[in-house]
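In: 3D model of this:
(one chain, ligands or ions: 1)
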Amino acid sequence: MRFSTGALVAASLTLALAACGDRSEPSSDKAGGGTGVSSGGEQSVAVKGMDTMKFEPATLTVKAGQPVRLILQNVGVIPHNFVLKQGAGQPVKITAAGGQTEPGIFTIARPGTYEFVCEEPGHTEAGMKGTITVR
Ligand SMILES: [Cu+2]
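Out: Below is the predicted model of the structure:
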């Protein structure tokens, strides 16, 4: 039993090495692709959530297809959040308690104008919303 297990391990190791060997050959074109990746930098955007039921600024502009690092600064004392239901691959919700700063990362693939809101009860209705323009 022990002997056959060892043989099996040896066989799978050989397979793994063979697989690695196969892949190392076309990887020469990866070096050229690396420079392209570095050009797509993260963009940082800060928005304040205020107890006056406003975002500041209420209009944001970002680039399409590049990760957005959004920092929600709650400068009030009650909780606020940043909710983006459309545009990103999946709904975005960043919540910050009073006086707290919370980051979130998302990417919007297609240019356009999307609405973001604060979903705390009554806040959207009171005017706590804004737009994010993607170019
Ligand atoms: Cu709010």
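In: measure Val62 to Ile78 for me?
Out: Distance of Val62 to Ile78, computed by CB to CB, to the nearest Å: 27 Å. Every C-beta, even on glycine, is put in place using the N, C-alpha and C of the backbone.
In: brain fart, Thr101
Out: Counting by CB to CB - Thr101 and Ile78 are separated by 15 Å.
In: what does Met53 give?
Out: 10 Å.
In: neighbour count: the two, which is higher?
Out: Met53 (19 against 13; other CB atoms under 10 Å).
In: so what's the residue count around the residue lying closest to Val92 once chain neighbours are set aside?
Out: Counting by CB to CB, 6 or more residues apart in numbering, the nearest residue to Val92 once its immediate chain neighbours are dropped is Leu84, at 4.1 Å. Look at Leu84: counted by other CB under 10 Å, it has 21 neighbours.
In: please, where are all the helices along the chain?
Out: Assigned by DSSP state H, the helices in the chain fall at 2-24, 30-39.
In: mean pLDDT for those: which is lowest?
Out: Here the helices of the chain differ in mean pLDDT, and the lowest is helix 30-39 at a mean of 37.
In: how about the residues of the chain near the ion?
Out: Taking CB under 5 Å from the ion as the contact definition, the chain meets the ion at 80, 118, 120, 123, 128.
In: by mean pLDDT, flag the weakest helix or strand of the protein.
Out: Using mean pLDDT, DSSP states H and E, the weakest-scoring helix or strand in the chain turns out to be helix 30-39, at a mean of 37.
In: tell me where the model's unsure across this structure.
Out: Within the chain, the ranges that satisfy pLDDT under 70 run 1-40.
In: if we go to 80?
Out: 1-41 (pLDDT under 80).
In: skipping adjacent residues, who's closest to Asp51 in space?
Out: Gly76 (3.4 Å).
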